[in-house]
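Novice: Output the structure for:
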Amino acid sequence: MTPNDPIKALRNANPLPGTAAARLPVRAGESELLRRIVAYNAPHTSRLRPRRRFALAFAAAAAIAVIALVPFGGGGAGPPSAFAAALVRFANSTPRLLLQIPGWHVVFVQQDPGGYGEMHFVRGRVNAQGMPATPLTGEASLIDRFAQLNWGPASARVRRYIQGGHQKIPTGLGVPATRLQVEGRTHDYLDVIASLIYDNRAISLRVTVTGMPDLRTVLQALNRVSTPAWLDAMPASVIKSANSDTAIRQMLNGIPLPPGFDAAKIPGINDTQTNYYLGTELTGTVACMWIADWSHARATDDTAAEQRAIAAMATVPDWPLFRWMSKQGAWPQVLIQFAQAMPKGTWFGHSLTAAVDPGLGCSQLGVKLPGADLPNGGLKPVRLKPVR
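Specialist: Residues are numbered from 1 along each chain as shown. As a prediction, this is how the structure comes out:
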């Protein structure tokens, strides 16, 4: 075999040629897989989200999980004018920033307990992935149509990085953007991240524009607004605490619940969040509890309980909620893969229990998996009979 043979074999085996990969709408996938990586990529400052809902890449490495921001089960255009106290607290915990440009609207917002948040703005209609609905592909589909706002705590290191950018581009916040990071550039567009320190937060705005004049216009349109104005701009996909019980009951319809399941006990379940994330919180907890029961049954040779858990998880492909979620992202496929691995009890040669905890974030959901902290997840070694 010549040195080029392995390269040729790998190239022939590649199911995704470069031409096809170039057309993939990966921008939304990046947001899901890299949500907690600081947008400006400061050295050693990136932090992955500890929450389970951002661990999809572990269990579905071949799938890019994209999130569509459409309301579950219908709904109005946004929150009512009289906002619930929980919504007001949520709004006030964020920077309350909006891009005030005619025709632009918010399609996504999320903030975790650590203060890291993200918003997506789109001009015009959106597709099922929450991206601009346009016949154009690649970066051309984003030019003056999509913007991504990120924020997080401004540590001393992050502050030094941003303020060391030596830029002074005016913004509508009264504080200039001091660092620019070019992500892509052609004769037709500029994909850039503008970062600044505002209200003791690191703020970054990623936008694809035709050039620097457009970037300056966008940055001037970035403003802080009042709490009612910010909440009025929220999409219907933001769950209101006042309606969360109804939404939870609707989402759990048709899903076999494990003994002791109580949605109210899921950490952060009443936090304002998108429908998709609420769905991952609920179904992730259900799956974790069934797999915990299954793992305990295997350890105690309780065949009936083991089969009961396997049978419950075998229904995952038919869960009514997943008819909607499967159109928006890869989360349902993650649970299906874990369910299919339960009869054998292994995950690519390793303990399924050990894989489930980091894959679904069971510990963050308050579910302890028996043996998950043991070597190889407590999987008993297979004793092979000697060959005579």
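Novice: burial of F146, as a residue count?
Specialist: Here the number of neighbours of F146 (other C-beta atoms under 10 Å) works out to 25. Using the backbone N, CA and C atoms, a C-beta is placed for each residue, glycine as well.
Novice: Make residue 1 into 357 and carry on from there
Specialist: Understood, numbering begins at 357; the last thing we discussed is F502.
Novice: how close does it sit to V548?
Specialist: When distance is defined by C-beta to C-beta, to the nearest Å, F502 is 13 Å away from V548.
Novice: anything in contact with each of these two?
Specialist: Common contacts of F502 and V548 (C-beta atoms under 8 Å, 6 or more residues apart in numbering): V563, T564.
Novice: Would you enumerate the residues in contact with I666?
Specialist: If a contact means C-beta under 8 Å, 6+ apart, then I666 has W650, M698, P699 as its contacts.
Novice: can you give me the helices in the stretch 557-706 of the chain?
Specialist: Applying DSSP state H, counting those that start in this stretch to the stretch 557-706 of the chain gives helices spanning 568-576, 583-588, 600-608, 631-655, 659-669, 676-681, 687-697.
Novice: now do the same end-to-end measure for stretch 462-480.
Specialist: Using C-alpha to C-alpha, to the nearest Å, the span of stretch 462-480 from its first residue to its last is 11 Å.
Novice: Under the pLDDT cut-off, which ranges of the stretch 357-506 of the chain? List them.
Specialist: Flagging of the stretch 357-506 of the chain using pLDDT under 70 yields the residue ranges 357-440, 469, 484-485.
Novice: Now do the strands in the protein.
Specialist: Assigned by DSSP state E, the chain shows strands spanning 453-455, 460-467, 473-479, 502-509, 535-541, 546-554, 557-565, 578-580, 702-703, 706-707.
Novice: Which of these sits closest to R445?
Specialist: Closest approach to R445 among those is made by strand 460-467 (11.4 Å; C-beta to C-beta).
Novice: Adding distance to C644, write the strands of the chain out as JSON lines.
Specialist: JSON lines is the format used below for the strands of the chain (distance: least, C-beta to C-beta, whole Å):
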{"stretch": "strand 453-455", "distance to C644": "35"}
{"stretch": "strand 460-467", "distance to C644": "21"}
{"stretch": "strand 473-479", "distance to C644": "25"}
{"stretch": "strand 502-509", "distance to C644": "28"}
{"stretch": "strand 535-541", "distance to C644": "36"}
{"stretch": "strand 546-554", "distance to C644": "36"}
{"stretch": "strand 557-565", "distance to C644": "33"}
{"stretch": "strand 578-580", "distance to C644": "39"}
{"stretch": "strand 702-703", "distance to C644": "15"}
{"stretch": "strand 706-707", "distance to C644": "15"}
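Novice: Would you tell me which one of the helices of the stretch 557-706 of the chain is buried the most?
Specialist: Most buried of the helices of the stretch 557-706 of the chain by mean neighbour count (mean count of other C-beta atoms under 10 Å) is helix 631-655; its value is a mean of 24.
Novice: Report all helices and strands that that one contacts.
Specialist: With contacts defined as 3 or more C-beta pairs under 8 Å, 6 or more residues apart in numbering; DSSP states H and E, helix 631-655 has these neighbours: helix 600-608, helix 659-669, helix 676-681, helix 687-697, helix 708-716.
Novice: Can you dump the C-alpha atoms of the shortest one in CSV for me?
Specialist: What it means is helix 676-681. What follows is the C-alpha trace of helix 676-681 in CSV, where atoms were taken according to Å, rounded to 0.1, in the frame of the first residue of the first chain:
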residue,chain,number,x,y,z
PRO,A,676,-46.1,12.8,20.7
LEU,A,677,-43.8,15.6,21.7
PHE,A,678,-41.0,14.2,19.5
ARG,A,679,-43.2,14.6,16.4
TRP,A,680,-42.5,18.3,16.8
MET,A,681,-39.1,18.2,18.3
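Novice: So what touches stretch 576-587?
Specialist: For stretch 576-587, contacts defined as C-beta under 8 Å, 6+ apart pick out 434-435, 437, 439, 443-444, 447-448, 450-457, 505, 526-529, 555, 561, 589.
Novice: Please pick the buried ones from the residues you listed.
Specialist: Burial by neighbour count, judged by 16 or more other C-beta atoms under 10 Å, picks out 434-435, 439, 443-444, 447, 450-455, 457, 505, 527-529, 561, 589 from the contacts of stretch 576-587.
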